[in-house]
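Novice: sharing a model prediction with you, sequence too.
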Amino acid sequence: MILMDTKKVSSFTEGSIGGALIRFALPVLGALILQAAYGAVDLLVVGQFGDASGIAAVGTGSAFMQMVTFVITSLAMGSTVIIGQHLGEKKPEEAGNAVGTTIVLFAVLGIVLTVLLEVSAGSLMSLMQVPEASFDKAVMYVRICSGGILVIIAYNVISGILRGVGNASLPFLFVGIACVVNIAADLLFVAVFQMDSAGAALATVLAQSVSVILSVAVLRRQNLPVSFSRGQCRVYAGEIRKILGVGVPIALQELTVQISFLVINTIVNQMGLMQSAGYGVSQKIVSFIMLVPSSVMQSVSAFVAQNTGAGQRERAVKGFFTAMAAGCAVGIVIFLMGFFGGGLLSSLFTGDAEVIAQSADYLRGFSVECILTCVLFSSIGYFNGCGKSIPVMIQGITSAFLVRIPVSVLMAGLPGASLMMVGLATPVTTVYGIVFFAVCFLRFRKQERVRRGPRDDMEEAA
């Protein structure tokens, strides 16, 4: 039986808001950096020991697998939010029921995804119009990674549960170990055995397998702030409704966003091999650029969930704005790096001058997103933490299909189209998302004040 740890539960609901967010966000950011390093190391090693076809294969294949991982992580956010709310309500046994339901739900999902992706890998790469020279390599990359999808799910579920209880340090430790294994395996499979993109995929699966095995061993010795036993590893109807009620809209939002980026990848693939390779390199850099807003989003979600469960709504709002301001400050620095240093960053992944130039061109158009997305992701985190994920889903779907894809197609079709013009589609889309959430936030706060009345607001402020 895992027993209650009051100190860990109260970390978000008491004390300094900025301090609580920083203590949580830093290990989350560290874990995300190391997780992004999986694909980056794959591309870096293949870029140094392979050719443009291998770079394009890993770029497209890892972009697709990143979409799958992001959707899984988004669905797991439902568990993070519900567990956090139960802990804020001081209900550790119900939090344990949510943990057990999560384990069963994602085990079934993993089996289904493994079968689907193995069967459809070739069709998916055809749909993405991977250049002929890279096609077979991309299919092999996806199939090998798909074979380890259960491992990918296990890691993200464990991390989601831990973040729900306010512990971001252990996921950081687990992914750090995995990153070291991945680097060593990449060098062995790609540099020594000359396995190209297939070796990169094998290294990723092996690294995450080691991470999951170690995480399970460590967790058996931890005292987490939930009341949980093996007998709770079953589906609780009430908990699965809550988890899916929050997680499914978030996952649908992430799915549509990632589909829109895959459509952009397809558009770029049609522009030529060098553009495809350059876009693949730029996306690895973007995956690092987006880590700050992603860590802000996860931190805001966990913070708001616990404070909402504890009835401290105004503290939740203050945490939302504090995280947004901090994220934007860091985002300005990252914007300058991406806009002016895109060529230098791209050269870390390949020595091909044309690929470097194409990657840097895309980053110049994309880089303003580094600032804007901190506002957008903070808003997503706030609504997720409140358990109101329907606005998140609506924003994701409308921004993907009504803004990002049409703007990308328009930019790519203009005379003299370049990757910089395609890159501009993302910040344009984010501006729409910010306006959307600003309207939703104002309406939500107005409805909340009407529902609670002025006396409740005065009592909470006191």
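Specialist: Perfect, I can see it now. Numbers count the residues shown, from 1 in each chain.

Novice: residue boundaries of the strands in this structure?
Specialist: Along the chain, no stretch is classed among the strands by DSSP state E.

Novice: low pLDDT regions in it?
Specialist: Low-confidence segments of the chain, defined by pLDDT under 70, are located at 1-11, 35-40, 163-166, 168, 222, 224-225, 452-462.

Novice: spatially central residue in the protein, please.
Specialist: With distances taken as C-alpha atoms, centre = their mean, the residue of the chain nearest its centroid is Phe70 (4.7 Å).

Novice: now it: closest residue in space that isn't a chain neighbour?
Specialist: Taking C-beta to C-beta, 6 or more residues apart in numbering as the measure, Phe70 lies nearest to Glu254, with 5.1 Å between them; neighbours along the chain are not counted. No exception for glycine: its C-beta is placed from N, CA and C like everyone else's.

Novice: that neighbour - how many residues pack around it?
Specialist: By the other C-beta atoms under 10 Å criterion, the neighbourhood of Glu254 contains 24 residues.

Novice: pull the contacting residues for it.
Specialist: Contact analysis of Glu254 by C-beta atoms under 8 Å, 6 or more residues apart in numbering lists 70-71, 73-74, 396.

Novice: could you measure from it over to Ser408?
Specialist: Distance, Glu254 to Ser408, using C-beta to C-beta, to the nearest Å: 18 Å.

Novice: can you check Phe12 too?
Specialist: Using C-beta to C-beta, we find Phe12 at a distance of 38 Å from Ser408.

Novice: of the two, which one has the most company?
Specialist: When Phe12 and Ser408 are compared for neighbours, Phe12 comes out ahead with 29 against 26, by other C-beta under 10 Å.

Novice: and the contacts of Glu254, which are buried?
Specialist: Under a neighbour-count criterion of 16 or more other C-beta atoms under 10 Å, the subset of those counted as buried comprises 70-71, 73-74, 396.

Novice: residues contacting the closest residue to Thr102 other than its chain neighbours?
Specialist: Closest residue in space to Thr102, ignoring its immediate chain neighbours: Ser79 at 4.3 Å, by C-beta to C-beta, 6+ apart. Taking C-beta under 8 Å, 6+ apart, we find Ser79 in contact with 98-99, 102, 157, 160-161, 164, 243, 247.

Novice: closest to Val139 out of those?
Specialist: Closest approach between the contacts of Ser79 and Val139, by C-beta to C-beta: Val157, at 27.4 Å.

Novice: got a list of what the closest one touches?
Specialist: Contact criterion C-beta under 8 Å, 6+ apart gives 76, 79, 102-103, 106 as the residues in contact with Val157.

Novice: please tell me how far it sits from Gln298.
Specialist: Distance check for Val157 against Gln298: by C-beta to C-beta, it reads 14 Å.

Novice: cool, and Val68?
Specialist: Here the criterion is C-beta to C-beta. By it, Val68 lies 18 Å from Gln298.

Novice: now swap in Val175 and tell me
Specialist: 13 Å.

Novice: look up the closest residue to Val216, ignoring the ones flanking it.
Specialist: With C-beta to C-beta, 6+ apart as the measure, Ile158 is the residue that lies nearest to Val216, at 7.7 Å, once sequence neighbours are left out.

Novice: once you drop chain neighbours, what's closest to Leu414?
Specialist: The spatially closest residue to Leu414, leaving aside those adjacent along the chain, is Met421, at 6.4 Å (C-beta to C-beta, 6+ apart).

Novice: same question, Phe339
Specialist: Per C-beta to C-beta, 6+ apart, closest to Phe339 is Ser367, 4.2 Å.
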